[in-house]
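> Sequence first, predicted coordinates after that:
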Amino acid sequence: MTIAGGCRCGRVRYELVSDELPLSYACHCLDCQTWSGSAFMLHAMVPEDALKIRGEAVRLRLPGGTEVMPSEHVGCASCLTRIANTNSAIPGVAVLKMGTLDRSKEVVPAAHIWVSRAQPWIMFDEDAPCFDETPSPQAFANAIAGR
Ligand SMILES: [Zn+2]
Ligand SMILES: [Zn+2]
């Protein structure tokens, strides 16, 4: 089965080969707030080769810094919607922006990261694991296992 989505103007569409909606998480970091122009972003880590992006997509490479690894971002050249990114810290994984899914209404974050930066009015689901910053991949996997 595939799960479809795309940018706001429709010039970039994608299909994710997956039977179920992937587990998503909300990131409240300052970059996500700035880049989305909102309070947080909804991401999901999916296998890079399961995500087929078509249309007029553009790619932006960002160099690494002291705290961040180099990354590449894919979005629509016409409406500036960002669809996904890869990060050299997690090879083979694409981080899909879950608000771009056709079924975005069904997305419920299974965990929250960078809650130390979260807007003060956000109320967290008591059952959802929360991390002050970026957890280690192992800690994150343990926290969301079975969710
Ligand atoms: Zn577009
Ligand atoms: Zn973030």
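Sure, I can see it. Ligands and ions are numbered 1, 2, ... in the order given.

> so what's the residue nearest to C32 when sequence neighbours are not counted bridging to?
Nearest residue to C32, sequence neighbours excluded (C-beta to C-beta, 6 or more residues apart in numbering): M41, at 4.0 Å. In this view, the C-beta of every residue, glycine as well, is placed from N, C-alpha and C. Residues in a beta bridge with M41, per DSSP bridges, are C27.

> Assess the claim that M41 and W35 are in contact.
Yes - the criterion here is C-beta atoms under 8 Å, and M41 meets it with W35 at 7.2 Å.

> Would you mind telling me which of those two has the busier surroundings?
Just comparing M41 and W35: by other C-beta atoms under 10 Å the higher neighbour count belongs to M41, 21 against 13.

> which ones are touching the more buried one?
Applying C-beta atoms under 8 Å, 6 or more residues apart in numbering to M41 gives the contacts A26, C27, C32, W35, K97, G99.

> residues from this structure in reach of ligand 2?
Contact residues (C-beta under 5 Å from the ion) of the chain with ligand 2: C27, C29, C32.

> per-residue confidence for the second one?
C29 carries a pLDDT value of 95.

> Quick check: the gap between the closest residue to it other than its chain neighbours and P91.
Distance criterion C-beta to C-beta, 6+ apart; nearest residue to C29, sequence neighbours excluded, is W114 at 3.9 Å. Distance, W114 to P91, using C-beta to C-beta, to the nearest Å: 22 Å.
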